[in-house]
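J.: show me the folded form of this:
(one chain, ligands or ions: 1)
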Amino acid sequence: MNQANYEFTGQQLAEFARDGYVIVPGLFTQAETELLERVTEADPRMSTGGIMKDADGGESRIWLTCAEGEDICNAIARSGRILGPMEQLLGGATYIWHYKMMLKEPLVGGAWEWHQDYGYWYGDGCLFPDLASCMIAVNKATRENGCLQVLRGSNRMGRIDHGMRGGQVGANLERIEAAEKILECVYCELDPGDALFFHSNTLHCSGQNRSEHARWAFICCYNAMNNQPYRKNDTHGQAAAAEIWEDDLIIDYGTRQLEDLHALPKETL
Ligand SMILES: O=C(O)CCC(=O)C(=O)O
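T.: Below you'll find the predicted structure:
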């Protein structure tokens, strides 16, 4: 895969409209994915993140930002391999809503409740569900270490009500149970560098990580330019439409970032 100007085929676009997700194997190279993993390990803000408890007290970690910068995260989020398909999926110019590292550590990693991302982005003032995400596996994601699960076709249900569950926002359980009876639950097992594009109304969740292996995933989320929140939002959204950056910048910025992180005294991080 690994092409700068990647575009979804008509078949991939039809699959996304029908199923609410598309998996692209090997969208990012081993070198790119390993570098992202090493930058994450070297930057305690990223590798520690904030703790999100699931309903059983399991702990997932999340580092989320929409900060602009000449770094590996922005270079990936602006890669034509994601932005090309995103513009197709969202019908034109898009901007980075946020990007985040989702960390489930071995043995202790927590679950994510069933939810639609638009379940809470609606609350941020976006009038339309014209947002989508691209999850990139940093290390191998399996059923055992809590890979993402999606309800195939749930993107066509429209937005359903959400409420608090544990420390997380989850979708209405009665609706989930009814949907589970008629929609297939797909375990999205991914190899490092594989990408999962999913719609903001696609119901998704993930299980706890009781395995010996970490499950880290980098997720870039986008909004259509013509769907900016009607009220001010300090947490999400970069200022301008995302432009495609040169592909080489992923390795260039990542390498420089890693060197800078290694050069910094630990207490300054
Ligand atoms: O990392 C996970 O397993 C869940 C991610 C997720 O649900 C989200 O980003 O909306």
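
J.: residues in contact with the residue of the stretch 51-200 of the chain found nearest the ligand?
T.: Nearest residue of the stretch 51-200 of the chain to the ligand: Met102, at 3.3 Å (C-beta to the nearest ligand atom). Where C-beta positions appear, they are placed from N, C-alpha and C, glycine not excepted. By C-beta atoms under 8 Å, 6 or more residues apart in numbering, the contact set of Met102 is Ser60, Arg61, Ile62, Met135, Trp216, Ala217, Phe218, Ile219.

J.: going through those, which ones are buried?
T.: Ser60, Arg61, Met135, Trp216, Ala217, Phe218, Ile219 (16 or more other C-beta atoms under 10 Å).

J.: for the chain, what spans make up the strands?
T.: Ranges of strands within the chain are 21-24, 50-53, 59-65, 94-104, 112-115, 131-137, 148-151, 162-165, 168-171, 185-188, 195-199, 204-206, 215-224, based on DSSP state E.

J.: number of nearby residues for Ala77?
T.: Residues contacting Ala77 under the criterion other C-beta atoms under 10 Å number 27.

J.: distance of the closest residue to it other than its chain neighbours relative to the ligand?
T.: What sits nearest to Ala77 in space, not counting adjacent residues and going by C-beta to C-beta, 6 or more residues apart in numbering, is Cys220, at 4.3 Å. Counting by C-beta to the nearest ligand atom, to the nearest Å, the gap from Cys220 to the ligand is 10 Å.

J.: any idea how many residues pack against Cys220?
T.: Residues lying near Cys220 (other C-beta under 10 Å) number 26.

J.: contacting residues around the residue in the stretch 151-269 of the chain that the ligand sits nearest to?
T.: Residue of the stretch 151-269 of the chain nearest the ligand, by C-beta to the nearest ligand atom: Ser206 (3.2 Å). For Ser206, the contact set (C-beta under 8 Å, 6+ apart) comprises Lys104, Ala111, Trp112, Gly146, Cys147, Leu148, Gln149.

J.: and the ligand, which of these reach it?
T.: For the ligand, the contacts drawn from the contacts of Ser206 by C-beta under 6 Å from any ligand atom are Trp112, Leu148.

J.: quick one: name the residues of the stretch 51-200 of the chain near the ligand.
T.: Looking at the ligand, the residues of the stretch 51-200 of the chain close enough under C-beta under 6 Å from any ligand atom are Met102, Trp112, Asp117, Leu148.

J.: the second one: neighbour count?
T.: Same thing as Trp112. Using other C-beta under 10 Å, Trp112 is surrounded by 22 other residues.
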